[in-house]
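Student: mind folding the following:
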Amino acid sequence: MESISIDKLSDPTLIEKLLIPWAIKLAVALAIFIVGRWIAKWLTGVVRKLMKRANVDDMLTNFIANIVYTVLLLVVIMATLDHLGIKTTSLLAVFGAAGLAIGLALKDSLANFSSGVMLIMFRPFQVGDFIEAAGVAGVVEEVRMFATLLRTGDNRQIIVPNGQIYGGTIINYSAKDTRRIDMVFGIGYGDDIRKAKQIIEEIMQQDDRILEDPAPAVALAELADSSVNFNVRPWVKSGDYWPVRSDLLEKIKLAFDAEGISIPYPQQEVYMHQVA
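Tutor: Numbers count the residues shown, from 1 in each chain. Reported below is the predicted structural model:
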């Protein structure tokens, strides 16, 4: 680079020769970046609309849109640097040489990215499904490149790395249209078994949300230490699982109380002997 002498610094045409062209070049580069980023967002929006018109799954749509925007933004940055006179080819060579080191340093991030790709390809769940994975449970809101967003029942957002989800057990409660409610009710040994069973069956017959096929089942499960236990297993639609379960617990308890059927609970008796 040519050095600038003190005499040249006093040259009044220095601003016109150097500073003004650089200022213009910088302004144009900034304009390229701003306009290019806007175009990248616009093209990403177009991709989203086209995929939605093709009835592509929302999870796949968001994932591909994020990748498209990232790639386009990198192109805009390279074009901006190129306009400033920075040789992008040399930068690419430097990035390529440092790629191995960066890959080793960001191996967890790369694993999360690859896991996100696998989640998109195999689709163990979709947006809107209620799942349990990586020790947390919630409704799937979005699968991003490195993490999955879940919404809990109390409206909290949980960000889970994709690697933890794909590398562990995934329970999808929304995968099937119907679910079975498994409950156990215990009555006392002195209570009428047939009467208790009849009460439970009648309560389930009165609830229209309980499916007839498969038929609900009430069966004697075991003769426990302090109670006679029944397995109660009705089938419902997945969305009705918790409301029906709660209503059955309440109605059966109230019906048992009204009919004088006891529900035993653990008790401990203490005998005190007075020693003379």
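Student: do you have the strands of the stretch 101-250 of the chain handy? List them.
Tutor: In the stretch 101-250 of the chain, the strands defined using DSSP state E, counting those that start in this stretch lie at 130-133, 136-143, 147-151, 157-161, 170-172, 178-180, 183-187, 217-223, 228-233, 235-237.
Student: what does the first one rub up against?
Tutor: To tie it back to what came earlier, the one meant is strand 130-133. Contacts with strand 130-133, where a contact means CB atoms under 8 Å, 6 or more residues apart in numbering, come from 125, 137-140, 150, 160, 164-165, 168-174. No exception for glycine: its C-beta is placed from N, CA and C like everyone else's.
Student: among the residues you listed, who's most crowded?
Tutor: Counting neighbours by other CB atoms under 10 Å, the top entry in the contacts of strand 130-133 is residue 165, with 26 neighbours.
Student: number of nearby residues for residue 51?
Tutor: Neighbours of residue 51 (other CB under 10 Å): 17.
Student: next: residue 258.
Tutor: With other CB under 10 Å as criterion, residue 258 counts 9.
Student: how about the strands of the stretch 101-250 of the chain in JSON lines, adding distance to residue 266 and mean pLDDT?
Tutor: Output for these, formatted as JSON lines (distance: least, CB to CB, whole Å; pLDDT from 0 to 100):
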{"stretch": "strand 130-133", "distance to residue 266": "30", "mean pLDDT": "95"}
{"stretch": "strand 136-143", "distance to residue 266": "29", "mean pLDDT": "93"}
{"stretch": "strand 147-151", "distance to residue 266": "37", "mean pLDDT": "94"}
{"stretch": "strand 157-161", "distance to residue 266": "36", "mean pLDDT": "95"}
{"stretch": "strand 170-172", "distance to residue 266": "31", "mean pLDDT": "96"}
{"stretch": "strand 178-180", "distance to residue 266": "27", "mean pLDDT": "96"}
{"stretch": "strand 183-187", "distance to residue 266": "11", "mean pLDDT": "96"}
{"stretch": "strand 217-223", "distance to residue 266": "16", "mean pLDDT": "94"}
{"stretch": "strand 228-233", "distance to residue 266": "14", "mean pLDDT": "96"}
{"stretch": "strand 235-237", "distance to residue 266": "30", "mean pLDDT": "97"}
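Student: wait, which of the ones you listed is closest to residue 262?
Tutor: strand 183-187 (6.5 Å; CB to CB).
Student: adjacent strands (with direction) for that closest one?
Tutor: strand 228-233 (antiparallel) (DSSP bridges).
Student: touching the strand it pairs with from outside, list them.
Tutor: Contacts for strand 228-233 (CB under 8 Å, 6+ apart): 180-189, 191, 193, 196-197, 200, 204, 216-223, 248, 252.
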